[in-house]
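> here is a sequence with its predicted model. Questions after.
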Protein chains: 2
Amino acid sequence: MKIAILGGTGEQGPGLALRLAIAGEEVIIGSRNKERAEKVATELNAELGGTRIQGAENAQAAQAAEIVMMTVPYSAHLSTLEGVKAQVQGKIFVDVSVPLDPENPRRMKMPPAGSATEEAQEFLGPGTKVVAAFQNVAAHLLRDPKHAIDCDILVCGNDVEAKKTVISLIAKMGLKGYDVGTADSSRVVEGLTSILIRLNIRHKVKGAGIRLTGLPQ
Amino acid sequence: MKIAILGGTGEQGPGLALRLAIAGEEVIIGSRNKERAEKVATELNAELGGTRIQGAENAQAAQAAEIVMMTVPYSAHLSTLEGVKAQVQGKIFVDVSVPLDPENPRRMKMPPAGSATEEAQEFLGPGTKVVAAFQNVAAHLLRDPKHAIDCDILVCGNDVEAKKTVISLIAKMGLKGYDVGTADSSRVVEGLTSILIRLNIRHKVKGAGIRLTGLPQ
């Protein structure tokens, strides 16, 4: 499968790209700057000893992919969505955004839609299947594919089949994903990120995460 | 320490009472109905082979206690708060409430204050130290004190010392509590409950919970 990662040169993009490429997927790192995307792709390919990762400008990456992921900082959420709206119609769109308050990243500043995921679904329209995932997993853990990650991936969105596709992709990446409900569940999932950031600061660690318990394995 | 559990004859009250009594605390089960509270207290004492648990009407229980917990269904949140406002001044008030939508308990219906915890703090005023805890732990697991519970307790509120007191009480109950921030964090903690309810339904279990990972033990 061809998967684009918009904003893929940022914190979480390279780790997602590496784990997807190792799982056998074709990955296109997207960036506003094509050269930066290509540079990161080249570095990741060298690390992997492969050629599965390419770089492209965001809209081109979205156009070429079957599944589009987005990991931009929240300040670029709407502008990035605007630049790829036409290219993601009919596709699964995985939003990894977390609307942290720019004045205090330990707090959330939820958009009027309720969450970044709901905002994306509203903006992209019903033709795009928006799924939220990966908000709670630390970037440096994703980036180190040799190590197992002690964090479950909470997946939500309004399209059941799209969530199933994303959850099976997550399994191929060596992680466990759980369907935790419709798009509005993302208010909780995105909010958990600010709690994990606070726990990281308080406990002087970088990788606080969560596991669901009491469920059949 | 004397601890009241308002609405203590309901789902979570008996389990909290048992675990607190086993930890050596004096517990007063509160209820709108004094006889029902005394009946539950008698049953729990028989189970424990002790006399540490008493029953009383809610306001009397709150008056007699040093720490007041409340586990009423959300529909009785404000009316119960109203009945004990005078009695809880200067005390730690542990709110276990979750504002589930009465029309669909798999969804939240957050009060205008943002969460039940913030609503309680606003209503009781700055003289009472409201702390949120125990929203994510299944009632039947609390009720079975012989078994360890695979669920962390997320604790939040605006008073740091009050949270410390509650976290040490949680430790005495054989559980692990984490300070996850100020009262507004309860929007996420309370919201998690509806996610756990949905996971219970989907996976046909009763005890879905969460663990924090990546933190120093």
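Sure thing, it's come through. Numbers count the residues shown, from 1 in each chain, chains lettered A, B, ... in the order given.

> separation between the most centrally placed residue in chain A and chain B?
Closest residue to the average C-alpha location of chain A: A:Val96 at 3.4 Å, with Cα atoms, centre = their mean. For A:Val96, the distance to chain B equals 18 Å [Cβ to the nearest Cβ, to the nearest Å]. Placement of C-beta: from N, CA and C, glycine included.

> just confirm that residue contacts A:Phe134, I think it does.
Yes: between A:Val96 and A:Phe134 there is a contact under Cβ atoms under 8 Å: 4.6 Å.

> what sits in contact with each of the two?
Shared contacts of A:Val96 and A:Phe134 (Cβ atoms under 8 Å, 6 or more residues apart in numbering or on different chains): A:Gln12, A:Leu16, A:Met69, A:Thr71.

> return the set of buried residues in the worst-scoring helix or strand of chain A on mean pLDDT.
Of all helical and strand segments in chain A, the minimum by mean pLDDT, DSSP states H and E falls on strand A:104-108, at a mean of 85. In terms of neighbour count (16 or more other Cβ atoms under 10 Å in any protein chain shown), strand A:104-108 has its buried residues at A:Pro105, A:Arg106, A:Arg107, A:Met108.

> which positions in chain A make contact with chain B?
When proximity is defined as Cβ under 8 Å from any Cβ of the partner chain, chain A approaches chain B at A:106-107, A:138, A:150-151, A:154, A:178-181, A:184-185, A:187-188, A:191-192, A:194-195, A:198-199, A:202-203, A:205-216.

> tell me the contacts of A:Arg202?
B:Asp179.

> quick one: buried residues of stretch A:130-148?
Buried residues in stretch A:130-148 (16+ other Cβ under 10 Å): A:130-139, A:141-143, A:145.

> could you tell me the end-to-end distance of that stretch?
By Cα to Cα, to the nearest Å, the extent of stretch A:130-148 from end to end equals 27 Å.

> so for it, mean pLDDT?
Summarised as a single mean, pLDDT over stretch A:130-148 is 94.

> report the buried residues of the longest helix along chain A.
If you go by DSSP state H, chain A has its longest helix at helix A:186-203. Applying a neighbour-count criterion of 16+ other Cβ under 10 Å, the buried positions in helix A:186-203 are A:186-200.

> what angle do it and strand A:104-108 make?
Between helix A:186-203 and strand A:104-108, the angle comes out at 140 degrees (axes from the mean of the first three to the mean of the last three Cα atoms, to 10 degrees).

> what is the helix or strand that helix A:186-203 is followed by packed up against?
Sequence order places strand A:209-213 as the next helix or strand after helix A:186-203, per DSSP states H and E. Applying 3 or more Cβ pairs under 8 Å, 6 or more residues apart in numbering or on different chains; DSSP states H and E, we find strand A:209-213 packed against helix A:186-203, strand B:209-213.

> between strand A:209-213 and helix A:186-203, how big is the angle?
120 degrees.

> pLDDT of strand A:209-213, averaged?
97.

> residues contacting stretch A:109-121, please?
A:70, A:74, A:77-78, A:81, A:93, A:95, A:97-102, A:122, A:128, A:130-132, A:156-158, A:183-184, A:186-187, A:189-191.

> where exactly do the strands run in chain A?
A:2-6, A:26-31, A:53-57, A:67-70, A:92-95, A:100-101, A:104-108, A:129-132, A:153-157, A:177-179, A:209-213 (DSSP state E).

> which stretch in those is the model least sure about?
Among those, strand A:104-108 carries the lowest mean pLDDT (a mean of 85).

> end to end on stretch A:64-76, go ahead and measure it.
End-to-end distance (Cα to Cα), stretch A:64-76: 21 Å.

> so what touches it?
A:1-8, A:10-13, A:16, A:28, A:56, A:61-62, A:80-81, A:84, A:87-88, A:91-100, A:102, A:116, A:120, A:134, A:165-166, A:169.
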